[in-house]
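[1] Build me a model from this:
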Amino acid sequence: MTVIGWIQILLYCAIIVALVPPLGWYMTRVFNGERTFLSPVLRPVERGLYRLGGVDDKHEQHWLTYTVAMLLFHVGGVLIIYALMRFQDRLPFNPAEQSAVASDLSFNTAISFITNTNWQNYGGESTLSYLVQMLGLTHQNFLSAATGIVLAVALIRGFSRASMKTVGNFWVDITRCTLYILLPICIVYTLFLVWQGIPQTLGPYVEATTLEGAKQTIAVGPVASQIAIKMLGTNGGGFFNANAAHPFENPTALSNFVQMISIFAIGAALTNVFGRMVGNQRQGWAILAVMGVLFIAGVVVCYWAEAHGNDALNAMGLTGGNMEGKEVRFGIVASALFAVITTAASCGAVNAMHDSFTALGGMIPLINIQLGEVIVGGVGAGMYGMLLFVIISIFVAGLMVGRTPEYVGKKIEAKEVKMAMLAILVLPLMYLGWTAVAAVNPQALTQLANPGPHGFSEMLYLYTSSTGNNGSAFAGITANTMFFNITGAVAMFVGRFWMIVPAMAIAGSLAEKKSIPPSLGTFPTTGGLFVGLVVGVIVIVGGLTFFPALALGPSSSISR
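    Numbers count the residues shown, from 1 in each chain. Take a look at the predicted model:
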């Protein structure tokens, strides 16, 4: 570990904290329907979209109506992506003449991108046409990210409102999120990435002659526009198979640093949105502090493990840390930091091979996902996941002092606690369940490149990443098979939507409750004691789901 490495980590954290108040202020105005500096340009477009869709922007929805609208919206997304992939050989913007994609892979990919997972059992440059990359994947990168954000805002409204039966309007929220937040940032972001050297073209792949005289095909395409929303929306699905390790997705140290910032920016700022909407910004800072404690702990362990390297190689005098599977242009600190960021969020982009990390270094990304990716998390998803843990923490605090738990003026009762636990327990049900099935399935075992404990870890990571809607991988598995495509799709779908429905039920229940003023017996939720309690509950509950994984196989999930 070096001083320069720690300076880079501290600089990153400082920039994220500095972005929280202005971005939180702006997003709060957007979702409250207030005027912003973009309103003169975008408000006419917004009204036109409402007229085209028959949406009344003054009409709000009950939580159940809001949720059903969201689910139907995603059914349409699945059909669009599936059809584009199945018929891509007959559609335009296919200069490499890619053939139609198999039905099971098309299904897996469609579910992957509508759930914000972006798990890819294929190499983008060798499988998909420009049209599918743009109209299918990039399009859903915007909409799945916007969905996560608006669902978090709906849950926040549940805490901030009193005696109301509505939590907003899904069609209005997702329109405003896309128009006022995601699109403007991505336009500027795309231009920055083009400046850094990322291609943005509809031209054909480039033919080059190497120094040895051999012919080489260099894949290009509309890359920069997809990478911008891939990172900002914590999607993670790359244009190229090598993802953010590819020089056409992440060419420089500066592009790498900005991409890391963009992964956390919106998720961190949503804590400020929460504080502003409930009328106490210290509540938002307390939640951000919980995220920060868990994030820094992960960075310290992962950076130390990778910088320490392999003991066997160190004993031979081959010191300098673990550079296996890492890009030289990023080095150890930027690779370790990126790995923790991308799994603390539900991004899934990778600039190094997680499978080549040391045992402890590779354990941190796995644990981050199994904790529910609430350490900032995916845009929106991390916030509503964190609020579920806050509900559990407040319930525990209420048990210790013998009174009805309260949070930001709302009583937390049996219904909210049950829904929170239901949402949280869905995750281990999927990744432990499917890992157990795969571990005894001969067809699945034949797809492992690494036998023994590390092969088991790769399967566990596959289903953990799918269920957590992350999309990163340990690799080492030939996952483009009928078994992994179908079971992975089920894990992605359940991990996303079976967590959302209970969260929305909580939003509706809280919105209907009266707001009660704090009293002398109210547990303070803006100080260090509250932060420590929530961190402890997350670690304990996450541990109860993580350590059973160790029992599924010999030395299993942290072995290499």
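[2] how about the strands in this protein?
    206-209, 215-218, 406-407, 410-411 (DSSP state E).
[3] what about the ones you listed, which gets the closest to residue 478?
    strand 215-218 (23.8 Å; C-beta to C-beta). C-beta here means a position set from N, CA and C on the backbone, and glycine is covered the same way.
[4] what does that closest one rub up against?
    205-210 (C-beta atoms under 8 Å, 6 or more residues apart in numbering).
[5] same thing but at 10 Å, please
    Residues from elsewhere that reach strand 215-218, judged by C-beta atoms under 10 Å, 6 or more residues apart in numbering: 96, 125-126, 199, 204-210, 248.
[6] Out of these, which comes closest to residue 11?
    residue 248 (26.1 Å).
[7] these two touch, right, that closest one and residue 194?
    No: contact criterion C-beta atoms under 10 Å: residue 248 and residue 194 do not qualify, at 11.2 Å.
[8] Residues that sit against both of those two, list them.
    With C-beta under 10 Å, 6+ apart, residue 248 and residue 194 have common neighbours 223-224.
[9] Give me the more crowded residue out of the two.
    Between residue 248 and residue 194, counted using other C-beta atoms under 10 Å, residue 248 has the larger neighbour count: 20 against 16.
[10] will you turn the contacts of strand 215-218 into TSV that also has pLDDT and distance to residue 107?
    Listed next are the contacts of strand 215-218 as TSV, based on pLDDT from 0 to 100; distance: C-beta to C-beta, whole Å:
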residue	pLDDT	distance to residue 107
96	89	23
125	87	21
126	88	19
199	94	29
204	91	29
205	91	27
206	91	32
207	90	34
208	89	36
209	88	40
210	86	39
248	94	28
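[11] Buried subset of those residues as a PyMOL selection?
    Those of the contacts of strand 215-218 that count as buried under 16 or more other C-beta atoms under 10 Å are selected in PyMOL with:
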select buried, resi 125+199+248
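[12] what's the farthest-apart pair in the contacts of strand 215-218?
    Greatest spatial distance among the contacts of strand 215-218 (C-beta to C-beta): 126 and 209, at 20.7 Å.
[13] Dump the strands of the chain to TSV, plus distance to residue 66.
    What follows is those, written out as TSV (distance: least, C-beta to C-beta, whole Å):
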stretch	distance to residue 66
strand 206-209	47
strand 215-218	46
strand 406-407	22
strand 410-411	19
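[14] The ones you listed: which one's closest to residue 103?
    Once the strands of the chain are compared by C-beta to C-beta, strand 215-218 is nearest, at 27.6 Å.
[15] Quickly run through the sheet partners of the closest one, with directions.
    When sheet partners are counted by DSSP bridges, strand 215-218 sits next to strand 206-209 (antiparallel).
[16] Can you give the contact residues for the partner strand?
    Outside strand 206-209, the residues touching it (C-beta under 10 Å, 6+ apart) are 199, 214-220.
[17] same thing but at 8 Å, please
    Contacts of strand 206-209 (C-beta under 8 Å, 6+ apart): 215-218, 220.
[18] Tell me the spacing between residue 345 and residue 7.
    22 Å (C-beta to C-beta, to the nearest Å).
[19] Also residue 385?
    Counting by C-beta to C-beta, the gap from residue 385 to residue 7 is 31 Å.
[20] Between the two, which has more neighbouring residues?
    residue 385 (28 against 11).
[21] Now that one: closest residue in space, sequence neighbours ignored.
    residue 374 (4.2 Å; C-beta to C-beta, 6 or more residues apart in numbering).
[22] Next, give phi and psi for that neighbour.
    phi -100, psi 0 (degrees, to the nearest 10).
[23] wait, it sits on residue 384?
    No: shown here, residue 374 and residue 384 do not form a contact pair, counting by C-beta atoms under 8 Å, at 9.1 Å.
[24] And for residue 268, the neighbour number?
    Under the criterion other C-beta under 10 Å, the count of neighbours that residue 268 has is 27.
[25] What pLDDT is listed against it?
    Per-residue confidence (pLDDT) for residue 268: 94.
[26] What is the nearest of the contacts of strand 215-218 to residue 450?
    Nearest to residue 450, judged by C-beta to C-beta, of these is residue 126 at 23.6 Å.
[27] Show the contacting residues for that closest one.
    Residue 126 makes contacts with 98, 219, 241, as judged by C-beta under 8 Å, 6+ apart.
[28] so how far is residue 472 from the most centrally placed residue in the chain?
    The chain has residue 346 as the residue nearest its centroid, 1.9 Å off, counting by C-alpha atoms, centre = their mean. Separation of residue 346 from residue 472 (C-beta to C-beta): 9 Å.
[29] who touches both of those two?
    Shared contacts of residue 346 and residue 472, defined by C-beta under 8 Å, 6+ apart, comprise residue 236.
[30] What distance do you get for residue 434 to residue 486?
    From residue 434 to residue 486 the distance is 10 Å (C-beta to C-beta).
[31] Compare the two (neighbour count), which wins?
    Each of residue 434 and residue 486 has its neighbours counted (other C-beta under 10 Å); residue 434 has more, 25 against 14.
[32] contacting residues around the more buried one?
    Counting by C-beta under 8 Å, 6+ apart, residue 434 touches 463, 466-467, 487-488, 490-491.
[33] and if we set it to 6 Å?
    463, 487, 491 (C-beta atoms under 6 Å, 6 or more residues apart in numbering).
[34] Could you export those as JSON lines, including pLDDT and neighbour count?
    Shown next, in JSON lines, are the contacts of residue 434 (pLDDT from 0 to 100; neighbours: other C-beta atoms under 10 Å):
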{"residue": "463", "pLDDT": "91", "neighbour count": "26"}
{"residue": "487", "pLDDT": "93", "neighbour count": "23"}
{"residue": "491", "pLDDT": "93", "neighbour count": "29"}
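[35] Could you pull out the helices in the stretch 201-350 of the chain for me?
    223-232, 253-277, 281-308, 311-315, 331-344 (DSSP state H, counting those that start in this stretch).
[36] if you average pLDDT over each of those, which comes out lowest?
    Among the helices of the stretch 201-350 of the chain, helix 311-315 scores lowest, at a mean of 77.
[37] Can you give the distance of that helix from its chain's centre?
    Averaged C-alpha coordinates place helix 311-315 at 35 Å from its chain's average position (C-alpha atoms, centre = their mean, to the nearest Å).
[38] Go through that helix and flag the buried ones.
    Of the residues in helix 311-315, none is buried (16+ other C-beta under 10 Å).
[39] and what of stretch 452-462?
    So for stretch 452-462, counting by 16+ other C-beta under 10 Å, buried means 453-462.
[40] I figured the residue nearest to the centre of the chain was touching residue 374, is that so?
    No: in this structure, residue 346 is not within contact of residue 374 by C-beta atoms under 6 Å, at 9.8 Å.
[41] Show the low-confidence segments of the protein, by residue range.
    The model of the chain has pLDDT under 70 over residues 543-560.
[42] dump the residue contacts of the spatially most distant residue from the centre of it.
    What lies farthest from the middle of the chain is residue 213; by C-alpha atoms, centre = their mean that is 43.2 Å. The contact partners of residue 213, by C-beta under 6 Å, 6+ apart, come to none.
[43] phi, psi of it?
    With angles defined as degrees, to the nearest 10, residue 213 sits at phi 90, psi 0.
[44] What degree of burial does residue 345 show, as a neighbour count?
    For residue 345, the neighbour count with other C-beta under 10 Å is 29.
[45] can you check residue 11 too?
    Neighbour number of residue 11 under other C-beta under 10 Å is 11.
[46] Check residue 394 too.
    Quick note: residue 394 (other C-beta under 10 Å) scores 27 neighbours.
[47] what's the nearest residue to it once chain neighbours are set aside in contact with, if anything?
    In space, and not counting its chain neighbours, residue 394 is closest to residue 405: 4.3 Å by C-beta to C-beta, 6+ apart. For residue 405, the contact set (C-beta under 6 Å, 6+ apart) comprises 394-395, 398, 412.
[48] State the distance from residue 405 to residue 20.
    Going from residue 405 to residue 20 by C-beta to C-beta gives 27 Å.
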